[in-house]
Each structure stands twice: as C-alpha cells, then as structure tokens.
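A.B. asks: Dropping the sequence and predicted coords here.
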Amino acid sequence: MYLQTLHNRQGHWQDILKFKQHPQLGVFVNLLPGVIKSAKSNATNQKYDGYFKRFKVWCLQHNFQPLPASVATVSLFLTSLVQQRVSSSVLEAFYYSINWIHSQASCINPCEEKFLKLTLEGGKRILAKPVNKKEPITIDILLKLKEEYQKDPDNALKLRVFLMCLLGFSGFLRFSELSKIRLCDIKWKEAFIEINIPKSKTDIYRRGNVVIIAKTGNDMCPIFWLKKYISLLQLNVSASDYLFTAITYKKSLGVFKVVNASKPLSYTRAREILLSALSNVGLDGSQFSLHSLRSGGATAASNNNVPDRLLKVHGRWASDKAKDGYIDDSIQKKLLVSMNLGL
C-alpha cells in the first residue's frame, strides 16, 4: 500500500509500524491506511492522488523531495502554477492534495505553515476572475417548456427535459442528485412523493436524504408530469433503472424507447439538452446551467416567503451562506430594506 512504502516514515506511523509483525495487532496496522483514507470520499481520494502524482513529477524534475516536501518546494511549485495561469480551483486542488497526502503520512506538513497559506491566498487573488453567475430558471420558463412539449405530446425527449427541470426546480436538486434518481427511489404517497437521495454532496456520512415534493393539483404539478413520463416510456416504477437515461426513437414502431436503463444521463448530455430546449423557446442558453434548476427553485421559494429553515432543509444546505448563494432576491424583496427605514 502507498503509505506502507514511504521511505520517510515519521511521527505516528513510526510507532504504528512497530506492530506490523504482532500476531494480534498486525492486521490492524494493515487496515489503518484504509480507515484514514475513508475520511474523504473515494472521488476526493482519487482526485488528490492524481494531483499529488503531478506534484511528485514536478519535484523529481527539479531534484526536490516530494514527501515530506519543504515549505520552499511547495511555495515554488504553487508560484509556478500561478505563472501558468491555471484556475484558482486547480491551484487549490494541488494545495489540498499535498496537504492531504502529508496528513495521511503523518510527517511534517508544509501546508500547515502560514507562509504557504499566504502563498495560496495570494495566488488565488492573482488568478481570480469575475464570477459569471448563471440565471435561475423561473416559472415562466417552465411554462414555455411545457408549451413546447405540448406541441408534440408523444415526444418523450421533450417531456424528459421538461420533467428534469420540474424535479430539479421543485426538489432543489443538484445534477449529481437528479441524474442518480432510480425509479425505486421514488415512494408514492397520496398527496406527495418522497425521493430518496442515497448520496449527496453535503451528506458526507452517507446517511441519505429524502426530498418531499407535493402534489399541487394544477397543470404544472411535478407528480402529474412524472406519471406522464413513466407512462409514455412504459417504465417499471419498482425497478432499479435510472429515471433519466438516453432515449431513442424507434421509427419502425413509432415510439420512443429507453436505450440503456442502467446508465444515467451524463452531465454533458443533460446540459446540452437543457440549453437546446431553452434556445428552442427563444432564450439565450448561455445564460443558464444545470445549477439554474436548483437556484431557480430556491429563489422562487424565498421570494414567496418560505421560512429559511425549511429552505435549508429542503435544499440540504450545510450552512446559511451556502443557501444564500443560490437565491436571487426579487426587486420587491430588495426594496423592503429602504422602504422600512422610516424615511
């Protein structure tokens, strides 16, 4: 294992590895690196491992030691990245990957030094770009998408993108949550549905979350259109198939069919069909993203005075700061401040 092959074992590992040949404790020594790695998700570990390998290559090219690395080595490496004009997110990814690998190895960690933290912050300021915040999806936009679908009511492709928008909007769903919905994750109740979200960005301990969406009874009811979609594609509601997948038109049969129910729609493809659908109803697709669904639902709820606590729970936000970043207050709400100053 990676940690067990380190040439510079220090601190806790130096003590722990003494027990490697112990008849009872040796097995725990072998298991410990995996337990430590579990402090981060598999995706994060893979990401950090990849970035650290690139840092290691750079160190070898310049005859520097990558582990443990010195403050001078890491500061020069970060400065070289700033010179290359990488994005701020890439700069951060390298910094945190170096920090994480050193923490696992229990050796002297250069990233704990204030000097390196200043180097990171300075680099981020130099590389900073204006935030290009996308517009939220609105009810009016959803109505346009519905009208576009109703021109061709047997078109499952148009219904798919409309339903994606409805569920993303009403459930404040991230695309990573929306794309992973399986038919069996949906529990049907008399007045609402429950969508089980087995894995979410803020659910770090994988306890799962449940999103509740009400049956509104009007012509924009998400549950009505979900049933319509399931019926049109003849989906099995108890199956473990993904709700949103690739769809093809069978010309010989005159119907739309799911291509591969075990493979969810990719981010790239979902973004492509969303922007295309928005363009088809006369909007500038470049002003929107898949995150516009989540921000649109949160904005609509906030502007209709849904309490902050319920907003935070429904959107599965870990903090008020994260929640507020999604909400675009209406002009009426913004005017409330100056209108209530007693002027």
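C.D. replies: Thanks, I have it.

A.B. asks: quick one: low-confidence parts of the stretch 151-300 of the chain?
C.D. replies: 200-208 (pLDDT under 70).

A.B. asks: how about the strands of it, start to end?
C.D. replies: Along the stretch 151-300 of the chain, counting by DSSP state E, counting those that start in this stretch, strands occupy 186-188, 192-197, 209-214, 247-250, 255-258.

A.B. asks: Could you list the paired strands of the second one along with their orientation?
C.D. replies: Yep, that's strand 192-197 we're talking about. With DSSP bridges as the test, strand 192-197 is paired with strand 186-188 (antiparallel), strand 209-214 (antiparallel).

A.B. asks: which non-adjacent residue is nearest Lys20?
C.D. replies: Closest residue to Lys20 apart from its sequence neighbours, by C-beta to C-beta, 6 or more residues apart in numbering: Val29 at 4.8 Å. In short, each C-beta sits where N, CA and C put it, glycine included.

A.B. asks: Neighbours of that neighbour, how many?
C.D. replies: Applying other C-beta atoms under 10 Å, we find 17 residues neighbouring Val29.

A.B. asks: Could you do the one 3 residues further on as well?
C.D. replies: With neighbours defined by other C-beta under 10 Å, the count for Leu32 comes to 18.

A.B. asks: tell me the SS of it?
C.D. replies: For Leu32, the secondary structure call by DSSP: H, G, I helix; E, B strand; the rest coil comes out as helix.

A.B. asks: name the element the residue nearest to Lys20 belongs to?
C.D. replies: Per DSSP states H and E: Val29 is located in helix 26-37.

A.B. asks: again with Trp58
C.D. replies: Trp58 belongs to helix 42-61, assigned by DSSP H and E.

A.B. asks: Go through that helix and flag the buried ones.
C.D. replies: Neighbour-count burial for helix 42-61 flags Asn45, Lys47, Tyr48, Tyr51, Phe52, Phe55, Lys56, Trp58, Cys59 (criterion: 16 or more other C-beta atoms under 10 Å).

A.B. asks: Quick check: the first one touching Lys37?
C.D. replies: This points to Asn45. Yes: counting by C-beta atoms under 8 Å, Asn45 touches Lys37, with 5.5 Å between them.

A.B. asks: What separation do you get for Glu147 and Glu272?
C.D. replies: Remark: distance between Glu147 and Glu272 (C-beta to C-beta, to the nearest Å) = 21 Å.

A.B. asks: right, I mislabeled it, should have said Asp308
C.D. replies: Counting by C-beta to C-beta, the gap from Asp308 to Glu272 is 35 Å.

A.B. asks: what do you get for Phe55?
C.D. replies: 34 Å.

A.B. asks: that older thread, switch the strands of the stretch 151-300 of the chain over to TSV; also include mean neighbour count and distance to Gly168.
C.D. replies: Formatted as TSV, the strands of the stretch 151-300 of the chain follow (neighbours: other C-beta atoms under 10 Å; distance: least, C-beta to C-beta, whole Å):
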stretch	mean neighbour count	distance to Gly168
strand 186-188	14	15
strand 192-197	17	11
strand 209-214	16	11
strand 247-250	13	18
strand 255-258	16	20
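
A.B. asks: Using JSON lines, lay out the ones you listed together with distance to Leu232.
C.D. replies: Converted to JSON lines, the strands of the stretch 151-300 of the chain look like this (distance: least, C-beta to C-beta, whole Å):
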{"stretch": "strand 186-188", "distance to Leu232": "16"}
{"stretch": "strand 192-197", "distance to Leu232": "18"}
{"stretch": "strand 209-214", "distance to Leu232": "19"}
{"stretch": "strand 247-250", "distance to Leu232": "10"}
{"stretch": "strand 255-258", "distance to Leu232": "7"}
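
A.B. asks: So which of these is nearest Ile108?
C.D. replies: strand 209-214 (39.3 Å; C-beta to C-beta).

A.B. asks: which stretches of the stretch 201-343 of the chain form helices?
C.D. replies: 222-233, 267-280, 291-303, 308-315, 320-324, 331-339 (DSSP state H, counting those that start in this stretch).

A.B. asks: do you know which of these lies nearest Ile98?
C.D. replies: Nearest of those to Ile98, taken as C-beta to C-beta: helix 320-324 at 25.9 Å.

A.B. asks: which ones are touching Leu143?
C.D. replies: Shown here is Leu143, whose contacts under the criterion C-beta atoms under 8 Å, 6 or more residues apart in numbering are Met220.

A.B. asks: That one: which element?
C.D. replies: Leu143 belongs to helix 139-150 when elements are defined using DSSP H and E.

A.B. asks: same question for that helix, mean pLDDT?
C.D. replies: Helix 139-150 shows a mean pLDDT of 94.
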